[in-house]
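>>> Here's my sequence, what's the structure:
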Amino acid sequence: MKKAVIVTFDKFTDIDIFLAWDLLNRVKLRDKEFQVKIVGTEITHKSVCGLDLKTQGLIEECNDADLLFFGSGPGTRNVIKDELYLKRFNLDPSRQIICSMCSGALIIAALGHLTGLSATTYPTAFEALKNFGVDVLEDKHLVTHGNIGTAAGCLAAVDLMAWAIEKLYDNKVSEDVIASVLPIGQGQVCIY
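I've put the predicted structure just below:
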């Protein structure tokens, strides 16, 4: 059974979490055993827009997940300074797909997984990511290295999830999931 986890925290960007949640859950139409969970450090986390989101587990579930997704938002600036938070992760990019939207890249960098790599993030986080020694590609919406992917601009989540789903499954599953959300006339199939 394959498992994906979406990491949330207080002051997360709503669209990042919910778009990834929706796209990953569409994979379940192909693989009924595929598990998708939203994890955090609390029972609920409040979004930047004020929505309370109930979590389905703790961040330690990231350590055995096949795919990890870090969303963005002002809350990333708090968690990257919290050593106890960061110590709860034991990630391995040789066996896990690790990806982020916008300032979620700061978490991956704080965990040491962007050392020596290039990445992208939202413009308001360019300098913070550079402070981790990351080569920030300011004109790219998606940057991947092996099993690590970073994306910038909320709707870049579609391309990021396409990449991650293809790495986890194959091109057909990825294409079918993405086709199901494209505007009419741009997608080939609908899996509903």
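>>> ok, so what distance separates residue 39 from residue 65?
Using CB to CB, to the nearest Å, one obtains 9 Å as the distance from residue 39 to residue 65. Just so you know, the C-beta spots here come from the backbone N, C-alpha and C atoms, and that holds for glycine as well.
>>> Counting neighbours, what do you get for residue 158?
Counted with other CB atoms under 10 Å, the neighbours of residue 158 add up to 18.
>>> What segments of this protein are strands?
3-7, 35-40, 44-46, 52-54, 57-58, 67-70, 97-101, 118-119, 135-136, 142-145, 148-151 (DSSP state E).
>>> most centrally placed residue in this structure?
Among the residues of the chain, the one closest to the centroid is residue 69, at 2.4 Å (CA atoms, centre = their mean).
>>> can you list contacts of stretch 17-29?
Residues outside stretch 17-29 that contact it (CB atoms under 8 Å, 6 or more residues apart in numbering): 4, 6, 8, 34, 36, 38, 47, 53, 67, 69, 71, 101, 154-155, 157-158, 161, 165, 168-169, 173, 177-178, 180-181, 191-192.
>>> Could you rerun that using 6 Å?
4, 6, 8, 34, 36, 69, 71, 157, 161, 177, 180, 191 (CB atoms under 6 Å, 6 or more residues apart in numbering).
>>> Where does the prediction get shaky in this structure?
For the chain, the stretches with pLDDT under 70 are 187-192.
>>> the helices in it, which residues?
Remark: helices assigned in the chain by DSSP state H are 14-26, 76-79, 83-86, 104-110, 126-130, 157-168, 171-179.
>>> From the structure, what's the count of residues near the closest residue to residue 31 other than its chain neighbours?
Of all residues not flanking residue 31 in the chain, residue 2 sits nearest, at 6.9 Å (CB to CB, 6 or more residues apart in numbering). Using other CB under 10 Å, residue 2 has 14 neighbouring residues.
>>> Please identify the most buried of the helices of the chain.
Of all the helices of the chain, helix 104-110 has the most neighbours on average by mean count of other CB atoms under 10 Å, namely a mean of 27.
>>> For that helix, which helices and strands make contact with it?
Judged by 3 or more CB pairs under 6 Å, 6 or more residues apart in numbering; DSSP states H and E, the packing partners of helix 104-110 are helix 126-130.
>>> so the residue nearest to the centre of the chain touches residue 8, yeah?
No. Using CB atoms under 6 Å, residue 69 makes no contact with residue 8, being 9.7 Å away.
>>> about what we covered before: mind putting the strands of the chain into JSON lines with distance to residue 88?
Putting those into JSON lines (distance: least, CB to CB, whole Å) gives the following:
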{"stretch": "strand 3-7", "distance to residue 88": "11"}
{"stretch": "strand 35-40", "distance to residue 88": "10"}
{"stretch": "strand 44-46", "distance to residue 88": "15"}
{"stretch": "strand 52-54", "distance to residue 88": "19"}
{"stretch": "strand 57-58", "distance to residue 88": "8"}
{"stretch": "strand 67-70", "distance to residue 88": "13"}
{"stretch": "strand 97-101", "distance to residue 88": "15"}
{"stretch": "strand 118-119", "distance to residue 88": "22"}
{"stretch": "strand 135-136", "distance to residue 88": "26"}
{"stretch": "strand 142-145", "distance to residue 88": "24"}
{"stretch": "strand 148-151", "distance to residue 88": "19"}
